[in-house]
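Undergrad: have a look; sequence and predicted model below, questions after that.
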Amino acid sequence: MSLSVIAFSLLHMYWLSFSLLLVAGAAQAVTSAVSITLMQLNTPRNMMGLVMSINTFVIMGIRPLGAFPIGALSAVIGVSAAIASGAVIAFAISAYLFVANKRLRSA
């Protein structure tokens, strides 16, 4: 997903950019489905409501807070560079978590 967002931020051709956003959206849908499935499979039944409410809080409450710094950064370095930098950060975090967490790789 991050790689398609990086490519999107660097390209300025409408149809190619549009197709990259479709790839990013599809990747996000797959990622969400897999992460929620893994979360539910690995959560004790008596904790399911709490875990899912924390997940919803993180997705709906904390993630949008990144819009302010990316918006401020876009005023300084430009929109394309700000989008690319956010995607690079997301890719780096994802890659680190994948490499560092053996249990995640085997899921």
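TA: Looks like it came in fine. Numbering: from 1, shown residues only.
Undergrad: show the model's pLDDT score for S106.
TA: Predicted confidence (pLDDT) at S106: the value is 69.
Undergrad: could I get the buried residue list for stretch 84-98?
TA: By neighbour count on 16 or more other C-beta atoms under 10 Å, the buried set for stretch 84-98 is A84, S85, G86, A87. The way it works is simple: take the backbone N, C-alpha and C, and place the C-beta from them, glycine included.
Undergrad: neighbouring contacts of that stretch?
TA: By C-beta atoms under 8 Å, 6 or more residues apart in numbering, the residues outside stretch 84-98 that reach it are 1-3, 5-6, 9-10, 66, 70, 73, 77, 104-105.
Undergrad: pretty sure I36 contacts N55?
TA: Yes: between I36 and N55 there is a contact under C-beta atoms under 8 Å: 7.1 Å.
Undergrad: so between the two, which is more surrounded?
TA: Each of I36 and N55 has its neighbours counted (other C-beta atoms under 10 Å); N55 has more, 16 against 13.
Undergrad: helix, strand or coil for that one?
TA: helix (DSSP: H, G, I helix; E, B strand; the rest coil).
Undergrad: how about it, what does it touch?
TA: I36, M39.
Undergrad: same thing but 7 Å
TA: Counting by C-beta atoms under 7 Å, 6 or more residues apart in numbering, N55 touches M39.
Undergrad: count the residues that sit near A75.
TA: Neighbours of A75 (other C-beta under 10 Å): 9.
Undergrad: my bad, L41
TA: Neighbourhood size, L41 [other C-beta under 10 Å]: 8.
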